[in-house]
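S.K.: structure for this input, please:
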Amino acid sequence: MSENKIQQIGSAVEKVVSEQSSRLETSLSEFNKLQTKGLEQVSAMVESMTRAAKEQIAFAEQMGGEWRKLILASAKSAAEHFAPKA
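M.R.: Residues are numbered from 1 along each chain as shown. All right, here's what the predicted structure looks like:
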């Protein structure tokens, strides 16, 4: 095999390795962008779920307070209704 042929093969191998390295770098860069975007979406979803959960807790607390007021009003009304009249 001539020295010229060996140099051509070496150049071809170098070119392939360089192209593959460049493709890998591009792929990893794109993967990094997708990963960052995915994590941002997960973070936004968690924040949204947390906000919804807090709103549900506040609503349950409000409903509990209203329920206690109704029970108290009913008890007072019943006590007045059944209290002996003088």
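
S.K.: what sits up against stretch 56-72?
M.R.: Outside stretch 56-72, no residue is within contact range by C-beta atoms under 8 Å, 6 or more residues apart in numbering. C-beta: built from backbone N, CA, C; applies to glycine.

S.K.: distance between stretch 49-57 and the chain's centre?
M.R.: 14 Å (C-alpha atoms, centre = their mean, to the nearest Å).

S.K.: err, stretch 33-48, not the other one
M.R.: Stretch 33-48 sits 5 Å away from the centroid of its parent chain (C-alpha atoms, centre = their mean).

S.K.: report the backbone C-alpha coordinates of that stretch in CSV.
M.R.: Extracted in CSV, the C-alpha atoms of stretch 33-48 (Å, rounded to 0.1, in the frame of the first residue of the first chain):
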residue,chain,number,x,y,z
LYS,A,33,-32.2,22.0,25.7
LEU,A,34,-35.0,19.4,25.8
GLN,A,35,-34.1,18.4,29.3
THR,A,36,-34.1,22.0,30.5
LYS,A,37,-37.5,22.6,28.8
GLY,A,38,-38.9,19.4,30.3
LEU,A,39,-37.8,20.4,33.8
GLU,A,40,-39.3,23.8,33.4
GLN,A,41,-42.6,22.2,32.4
VAL,A,42,-42.5,19.8,35.3
SER,A,43,-41.7,22.7,37.6
ALA,A,44,-44.7,24.7,36.3
MET,A,45,-46.9,21.7,36.6
VAL,A,46,-45.9,21.2,40.3
GLU,A,47,-46.4,24.9,41.0
SER,A,48,-49.9,24.7,39.4
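
S.K.: how about the strands of this protein, start to end?
M.R.: Using DSSP state E, no strands are assigned anywhere in the chain.

S.K.: quick one: low-confidence residue ranges for it.
M.R.: The chain contains residues with pLDDT under 70 at 86.

S.K.: which residue is nearest the centroid of the protein?
M.R.: Nearest residue to the geometric centre of the chain (C-alpha atoms, centre = their mean): residue 42, 2.4 Å.

S.K.: how many neighbours does residue 38 have?
M.R.: Using other C-beta atoms under 10 Å, residue 38 is surrounded by 10 other residues.
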